[in-house]
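Novice: Predicted structure and sequence below. I'll ask about it afterward.
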Amino acid sequence: MIFAATVLIAVNARGFFDSAFDAVKHSAFQVATIITTTGYSTVDFDLWPAFSKTILCVLMFVGACAGSTGGGMKISRFILMFKALHKELDYVIHPRNIRKVTMDGKSVDHTVMRSVNMYFVAYIAIFVISLFCISLDNLDMTTNFTAVSAALNNIGPGLSLVGPTGNFGIFSPFAKLVLIFDMLAGRLELFPMLILFSRHTWKNW
């Protein structure tokens, strides 16, 4: 995925660099820093073509490997969800077949798949609610969308007003609180933050 993204961006954004080497170098660095949620930038990638920026935006959601301290959805969850989708499609075609989702040659337990599905639902819910909340500041959609993406996935820079040369100072105090929550939720894998809003959590106190 990193190799493919680097090549596609290097080809698409070649005109922004003096040489093909520079295009590959900066493309590789930005792909690596986005997908690993490191947050650095060597160039203003907000000036790159829409195709290149779209690739970087998608990489924001992918995140690092399972068990890492990086943010994002984690690539392992995406693999499991796509395998589950393939299983369901196969079931529609062959209802009598019995298939199981496997990972590294081992069958994935139903509780693991349920956890992945619930994580995805919680992720989408937090993302959409946060997007609605910060849209009250009346900034452009690209800024709002990538601001939530950058915060929830612990990326760092987004696009437009929160791009590599911008910052989050343009948001209102309320929007900043929403983004702070997103940042903490993304770092703590969502559920610890969501538990704070459960009355059962505070009942024991």
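Specialist: Okay, I see it. Numbers count the residues shown, from 1 in each chain.
Novice: Endpoint to endpoint, stretch 94-101 covers what distance?
Specialist: This stretch, stretch 94-101, spans 16 Å end to end (CA to CA, to the nearest Å).
Novice: Any buried residues in it, and which?
Specialist: Val101 (16 or more other CB atoms under 10 Å). To be clear about C-beta, it is placed using only N, CA and C from the backbone, and glycine gets the same treatment.
Novice: So for that stretch, mean pLDDT?
Specialist: For stretch 94-101, the mean per-residue pLDDT is 84.
Novice: Now do that stretch: distance to the chain's middle.
Specialist: Its chain's C-alpha centre and that of stretch 94-101 lie 31 Å apart, by CA atoms, centre = their mean, to the nearest Å.
Novice: Which residues does that stretch contact?
Specialist: 80, 83-84, 87, 90-91, 107-108, 113 (CB atoms under 8 Å, 6 or more residues apart in numbering).
Novice: Sort out which of those are buried, if you could.
Specialist: Among the contacts of stretch 94-101, the ones that count as buried by 16+ other CB under 10 Å are 80, 83, 108, 113.
Novice: what helix or strand does the one residue sitting closest to the centre of the chain sit in?
Specialist: Nearest residue to the geometric centre of the chain (CA atoms, centre = their mean): Phe61, 1.7 Å. Using DSSP states H and E, Phe61 falls within helix 50-62.
Novice: same question, Cys65
Specialist: Here Cys65 is assigned to no helix or strand, by DSSP H and E.
Novice: shaky segments in this structure?
Specialist: Counting by pLDDT under 70, the low-confidence segments of the chain come to 204-205.
Novice: where along it do the strands fall?
Specialist: 102-103, 106-107 (DSSP state E).
Novice: sorry, back to before: of the buried ones among the contacts of stretch 94-101, which belong to helices?
Specialist: Taking DSSP state H as the definition of helices, those contribute 80, 83, 113.
Novice: nearest to Gly166, of those?
Specialist: Ranked by distance to Gly166 (CB to CB), those are led by Leu80 at 35.1 Å.
Novice: For that closest one, which residues are in contact?
Specialist: By CB under 8 Å, 6+ apart, the residues touching Leu80 are 101, 103, 108, 112-113, 116.
Novice: Would you mind measuring from the residue lying farthest from the centre of the chain to Asp90?
Specialist: No residue in the chain sits farther from the centre than Arg96, which is 36.3 Å out by CA atoms, centre = their mean. For Arg96, the distance to Asp90 equals 11 Å [CB to CB, to the nearest Å].
Novice: before we move on, back to that, could you dump the buried ones among the contacts of stretch 94-101 to a markdown table with distance to Pro173?
Specialist: Shown next, in a markdown table, are the buried ones among the contacts of stretch 94-101 (distance: CB to CB, whole Å):
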| residue | distance to Pro173 |
| --- | --- |
| Leu80 | 38 |
| Lys83 | 43 |
| Val108 | 43 |
| Met113 | 40 |
